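Have a look; sequence and predicted model below, questions after that.
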Amino acid sequence: MSAWERSLLILLVIVTTGFGLEVPGFFDDISGFLSMTSNFLPFGIVALGLSLVIFTGGIDLSVGATASLAAVIAAQLWATMGLNIWVASLIGLAVGGVLGGINAAVIVFLRVEPLIATLATSFIYTSAAVAVAGDAPPSGFPDAFNSLGSGALGLGHFQLPYQLLLFLPLAVLFWLLVGRSAFGRKLVTVGYNSEAARYSGIRVPRVLAAAYVISGMMAALAGLVLSAYYSAARADMGDVLLLTTIAMVVLGGVSIFGGEGSMGGVIVAVLLLGLLRQGMLIAGFSDMVTSMLTGAILISSIAVRNLFSSRAGGFGRRLLAFVRRPAVAGTDITRHDAP
Amino acid sequence: MPARRPVVTPRFAMTRELMLVAVTLGLTVMVGLLNHDFIGAQNLRFMLLNSVVLSLVALGQTLVIAMRGIDLSVAPILGLAAMVCGLLAQTHGLSLAAALPLALSIGLVLGTINGLLVATMDIPPIVVTLGTYSLYSGLTFLYSDGTQVDAVPPTFAAFGNGHLLGIVPVPTPVVVLLVVLALCWYVLRHTGFGRAVLAVGNNASAAYAAGLPVTWVRIRVYALSGTLAAFAGLMFLCYTGSATVTAGTGDHIELQSIAVSLIGGTAIAGGRGNLIGTVLGSLFLSVVLTALVFLHVPPIWYSAGEGLMILAAVQAGIGRRRGARA
């Protein structure tokens, strides 16, 4: 476990116990506490997929639009063609994969920067989502589907939200995929140095395509969960996803330039930011103040990390070295420069 | 890989600009033939004026991108400046002469915060401006306290919708834009600071090794971008006569400003900035969006049109670079 993951985990414990002790309603019982996760896990699902893209040194600005479009298409298939909602959801997932594939094609074949490519496709997907949704967005899904968003599996007194049941295996899967598989190594290598990856025999376009397709599918999954949560599929539903999920991935320690970071950090960051938001909302802060604080945390956490990392020149390291300098020069022969 | 030229060669710049002018004019004439109202003086003036606010924001964005950065926080800076000036003018009778320095200092302060975070803390610009995006839009929300600006003093509206009488009456905002464009162009092309911006965008470590004050240059560019965004906010207030909490952020002007910079020929990889292209790009965007209205395209497809335009423009740039190398 890296130092960054450890710090995040400690922060998570502090935030959870802090809110639990200070804010009534945050931790009344374990089931109530777990049910809060349903409010932010769609962000976590997107963050898992988006991480893969950011690992490659790219970015996917279209996750929000992809989530909306896939969910709206699935909902319309159910509403107008009478398709079973679960079959429609599977098609929605496939649509997400296709949209991610389009992103990858634009990036690989047209050689457009990921930022620009996904900016452009997000505009296009947004239009398409609004067009598919029509004047009256579909709503009122079957209860079984709605429970995916807001339901919980009852085990006696203990209630386990279905969203958490969905997120946890996915988190483990992604953790294994990035940290323990050949694909994960390729992903990180491409992000670290795509030229070097190419010379070492990695098929870079394939790795990129896989990353964007998975990101699109996870965005679609989040869109489906959101439409189950609201029991309606709106075309602007996914808009809120983008900024928070980038914040989660970056806070999780994944370098925005690619090639650096870990999935464990992202998973902890999802829980940390999510619980922090929920705690603040329960404590009575407005939604706006809460997102302001999210922004502040994002910047300050990266600032703190840079201050103490060796890569960034290490003002903080020099500061630490200064503070820990021996009282009398020359007396401490065991002194290490790096704290 | 051959070293990239830090500055646009005049030939390249002219082709990109001529291309944009030709496409814009061609589109205007084509749609005008289908619907004569499109080339009426009223509509031409409207399309021109509609591009001014975006142009002002995009000029700052172009400088940032040329330095290999990105500034997402321009939208909330625009919104905050419009909101603060608008509310003070509406309730406390703030004059236009006082609103200008107020708006500029708001932008200067917020932009400098971005610059300090990017340059001294070494945080990636997209992360910094993403964070300050939520911070600054939060400030707008808190400051407005649920109210909105809908009745600005007549002096503001007169400035935003007035004319400077010459041989032909030119709308005041257009004159202002041309002055700002000339200033920015001069700074980028004819000052040491401008050279430094392109050098940092081309290769920051080389620029540092060559003795350029990289940190200071970065701070100044983000400060400039914030100042221009806030000035655009004041212009937005004068032109529309209103400001809501979602001014700037609602239209995603940060994404639009990036898009028109790229359409104008600025390289996302830094080292190349085309300010005239940016302004022509905003005008082009304005013409395209208005043309969609005149062609009775449903509004839902406007954003798709924008997306396709970005791809086409970037493609045109790539084709040219490949052609030049061969």
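Structure's in. What do you need?

Return the residues in contact with A:Ile116.
B:Ile258, B:Leu262, B:Ile268, B:Ile310, B:Leu311, B:Val314 (C-beta atoms under 8 Å, 6 or more residues apart in numbering or on different chains). (C-beta placed from N, C-alpha, C; glycine too.)

so the first one touches B:Ile65, yeah?
Yes. Under the criterion of C-beta atoms under 8 Å, B:Ile258 is in contact with B:Ile65, at a separation of 7.0 Å.

Can you tell me the number of residues neighbouring B:Arg189?
15 (other C-beta atoms under 10 Å in any protein chain shown).

Help me confirm that it is found in a strand?
No. B:Arg189: not assigned to a strand; according to DSSP: H, G, I helix; E, B strand; the rest coil it is helix.

Against chain A, how distant is it?
25 Å (C-beta to the nearest C-beta, to the nearest Å).

hey, where'd the strands end up in chain B?
Assigned by DSSP state E, chain B shows strands spanning B:163-164, B:170-171.

How far does the first one sit from its chain's centre?
The offset between the C-alpha centroid of strand B:163-164 and the centroid of the whole chain comes to 22 Å, using C-alpha atoms, centre = their mean, to the nearest Å.

Neighbouring strands - and their directions - for that strand?
strand B:170-171 (antiparallel) (DSSP bridges).

For the residue nearest to B:Ser261 when sequence neighbours are not counted, give me its contacts.
Nearest residue to B:Ser261, sequence neighbours excluded (C-beta to C-beta, 6 or more residues apart in numbering or on different chains): B:Thr62, at 4.5 Å. Going by C-beta under 8 Å, 6+ apart, B:Thr62 touches B:Cys184, B:Ser261, B:Gly264, B:Thr266, B:Gly273, B:Asn274, B:Leu275, B:Thr278.

Is there a quick ChimeraX command that grabs whichever of those are buried?
Only the buried entries of those go into this ChimeraX selection, using 16 or more other C-beta atoms under 10 Å in any protein chain shown:
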select /B:184,261,264,266,273,274,275,278
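
Point me to the residue of the stretch 151-300 of chain B nearest chain A.
The stretch 151-300 of chain B approaches chain A most closely through B:Ile300 (4.2 Å), counting by C-beta to the nearest C-beta.

okay, and for the stretch 1-150 of chain B, where does confidence drop off?
Judged by pLDDT under 70, the stretch 1-150 of chain B has its weakly predicted residues at B:1-14.

That one: helices as residue ranges?
Taking DSSP state H, counting those that start in this stretch as the criterion, the stretch 1-150 of chain B carries its helices at B:10-34, B:41-50, B:52-66, B:74-92, B:96-121, B:125-144.

try the stretch 201-326 of chain B
B:204-209, B:214-240, B:253-263, B:275-294, B:302-325.

Would you mind naming what in the stretch 201-326 of chain B lies close to chain A?
The stretch 201-326 of chain B comes close to chain A at residues B:255, B:258-259, B:262, B:268-269, B:298, B:300-308, B:310-311, B:314-315, B:318, as judged by C-beta under 8 Å from any C-beta of the partner chain.

from the residues you listed, which would you call buried?
B:255, B:258-259, B:262, B:268, B:300-308, B:310-311, B:314.

about what we covered before: any idea which of the helices of the stretch 1-150 of chain B gets closest to A:Met292?
Distance to A:Met292, taken as C-beta to C-beta, is lowest for helix B:125-144 among the helices of the stretch 1-150 of chain B, at 3.4 Å.

List the buried residues for that closest one?
So for helix B:125-144, counting by 16+ other C-beta under 10 Å, buried means B:125-141, B:144.

again, but for stretch B:171-189
Those would be B:Pro171, B:Thr172, B:Pro173, B:Val174, B:Val176, B:Leu177, B:Val180, B:Leu181, B:Cys184, B:Trp185, B:Val187, B:Leu188, for stretch B:171-189 by 16+ other C-beta under 10 Å.

what about the third one, distance to B:Phe236?
Spatial separation of B:Pro173 from B:Phe236 under the definition C-beta to C-beta, to the nearest Å is 10 Å.

Name the residue closest to the centre of chain B, please.
B:Ala58 (1.6 Å; C-alpha atoms, centre = their mean).

Isn't it up against B:Ser261?
Yes. Using C-beta under 8 Å, B:Ala58 is in contact with B:Ser261, at 5.5 Å.

what is in contact with the two at once?
B:Thr278, B:Gly281.

Which of the strands of chain B has the highest mean neighbour count?
strand B:170-171 (a mean of 17; mean count of other C-beta atoms under 10 Å in any protein chain shown).

where are the low-confidence patches of chain A?
A:309-339.

Can you give me the domain boundaries for it?
Taking automatic domain parsing as the criterion, chain A consists of the domains A:3-285, A:288-325+A:335-339.

so which strand or helix has A:Gly184?
Following DSSP states H and E, one finds A:Gly184 within helix A:182-192.

buried set for that helix?
Here helix A:182-192 shows A:Phe183, A:Gly184, A:Lys186, A:Leu187, A:Val188, A:Thr189, A:Val190, A:Gly191, A:Tyr192 as buried, counting by 16+ other C-beta under 10 Å.

Then stretch B:245-258?
Buried, per 16+ other C-beta under 10 Å, within stretch B:245-258: B:Val245, B:Ala247, B:Gly248, B:Thr249, B:Asp251, B:His252, B:Ile253, B:Glu254, B:Leu255, B:Gln256, B:Ser257, B:Ile258.

now do stretch A:285-299
Here stretch A:285-299 shows A:Met288, A:Thr290, A:Ser291, A:Met292, A:Leu293, A:Thr294, A:Gly295, A:Ile297, A:Leu298, A:Ile299 as buried, counting by 16+ other C-beta under 10 Å.

Then stretch A:191-205?
Here stretch A:191-205 shows A:Gly191, A:Tyr192, A:Ser194, A:Ala197, A:Ile202, A:Val204 as buried, counting by 16+ other C-beta under 10 Å.

go on, stretch A:241-249?
Buried, per 16+ other C-beta under 10 Å, within stretch A:241-249: A:Leu241, A:Leu242, A:Leu243, A:Thr244, A:Thr245, A:Ile246, A:Ala247, A:Met248, A:Val249.

In a helix, A:Val254, correct?
No. Counting by three-state DSSP, A:Val254 is not part of a helix but coil.

out of everything not next to it in sequence, what's closest to it?
In space, A:Val254 is closest to A:Gly261, 3.3 Å off (C-beta to C-beta, 6+ apart).

Now look at stretch B:71-87 and say if it contacts chain A.
No. Using C-beta under 8 Å from any C-beta, we find that stretch B:71-87 stays clear of chain A, coming within 8.9 Å at best.

Dump that stretch to PDB, restricted to CA.
Output in PDB follows, covering the C-alpha atoms of stretch B:71-87 (Å, rounded to 0.1, in the frame of the first residue of the first chain):
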ATOM      1  CA  ASP B  71      -8.400  27.300 -18.100                       C
ATOM      2  CA  LEU B  72     -11.800  25.800 -17.200                       C
ATOM      3  CA  SER B  73     -12.500  28.500 -14.600                       C
ATOM      4  CA  VAL B  74     -13.200  31.300 -17.100                       C
ATOM      5  CA  ALA B  75     -16.900  30.500 -17.100                       C
ATOM      6  CA  PRO B  76     -17.500  31.100 -13.400                       C
ATOM      7  CA  ILE B  77     -15.100  34.100 -13.400                       C
ATOM      8  CA  LEU B  78     -17.300  35.600 -16.200                       C
ATOM      9  CA  GLY B  79     -20.400  34.800 -14.100                       C
ATOM     10  CA  LEU B  80     -19.000  36.200 -10.900                       C
ATOM     11  CA  ALA B  81     -17.900  39.500 -12.500                       C
ATOM     12  CA  ALA B  82     -21.300  39.900 -14.200                       C
ATOM     13  CA  MET B  83     -23.100  39.100 -11.000                       C
ATOM     14  CA  VAL B  84     -21.100  41.400  -8.700                       C
ATOM     15  CA  CYS B  85     -21.100  44.300 -11.000                       C
ATOM     16  CA  GLY B  86     -24.800  43.800 -12.000                       C
ATOM     17  CA  LEU B  87     -26.100  43.500  -8.400                       C
END
